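what's the 3D shape of this:
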Amino acid sequence: MVRDVPLSEITLRKYERPYDSSRRELVRKICLSLGLLQPGDSRDVVVDILLSLENARKERKELTSVEIQEIVRKIRKENSLDEKGLAESNVRRQLKRLRDIMIVDKKNNLYRLSEFEPLSEIFEKKIEGFLIPQTIDRIKEYLDKLDEE
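Below you'll find the model as predicted:
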């Protein structure tokens, strides 16, 4: 039996313009826009993971998954949010998702935003410039193959 397993996957969504939003809300919209979070999803630990890495980027600091877990716990407590989803295994799973779309680097069990670059540059270089064109090219290959038959 053959399984259809994607080599990569990306979801893009467009939301209203960002007006007067907190940093956490901006990161939440980024996660929603990139398909890392589903609309209406209350399990949004990935937002706080990405926010913790964005804050560490400014200091050029790499973090372990345990440090990220503790920072996320503090962020969620400050925002009066549920602490569900904070198991280390879930934090690592979310970090892997961020690595899969090339937002996060891992080296020696330390995590950081890719090359300490701002998220806007990571998006432009890695997602817009690399992942999306490759995905579009592969879809076109399927379309061309279909046209041949």
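
hey, let's count contacts and neighbours off CA atoms from now on
Will do.

list the helices and strands the longest helix along the chain packs on?
Identified as the longest helix of the chain according to DSSP state H is helix 132-148. Of the remaining helices and strands, none touches helix 132-148 by 3 or more CA pairs under 8 Å, 6 or more residues apart in numbering; DSSP states H and E.

identify each buried residue in that helix, please.
Under the neighbour-count criterion of 16 or more other CA atoms under 10 Å, helix 132-148 has residue 132 buried.

so where is the protein shaky, pLDDT-wise?
Segments of the chain classed as low confidence (criterion: pLDDT under 70) are 1-2.

let's see it at 80
Under the criterion pLDDT under 80, the flagged ranges of the chain are 1-3.

middle-most residue in it, spatially?
Residue closest to the average C-alpha location in the chain (CA atoms, centre = their mean): residue 98, at 4.0 Å.

just the helices in this structure please.
Counting by DSSP H, the chain has helices at residues 23-33, 45-58, 65-78, 88-100, 119-122, 132-148.

so which of those helices is nearest residue 16?
Evaluated over these, closeness to residue 16 peaks at helix 23-33, with 9.5 Å, by CA to CA.

who are the packing partners of the closest one?
Counting contacts by 3+ CA pairs under 8 Å, 6+ apart, helix 23-33 packs against helix 45-58.

how near is the nearest residue to the residue nearest to the centre of the chain once chain neighbours are set aside to residue 75?
Spatial nearest neighbour of residue 98, excluding adjacent residues (CA to CA, 6 or more residues apart in numbering): residue 104 at 5.5 Å. Taking CA to CA, to the nearest Å as the measure, residue 104 falls 19 Å from residue 75.
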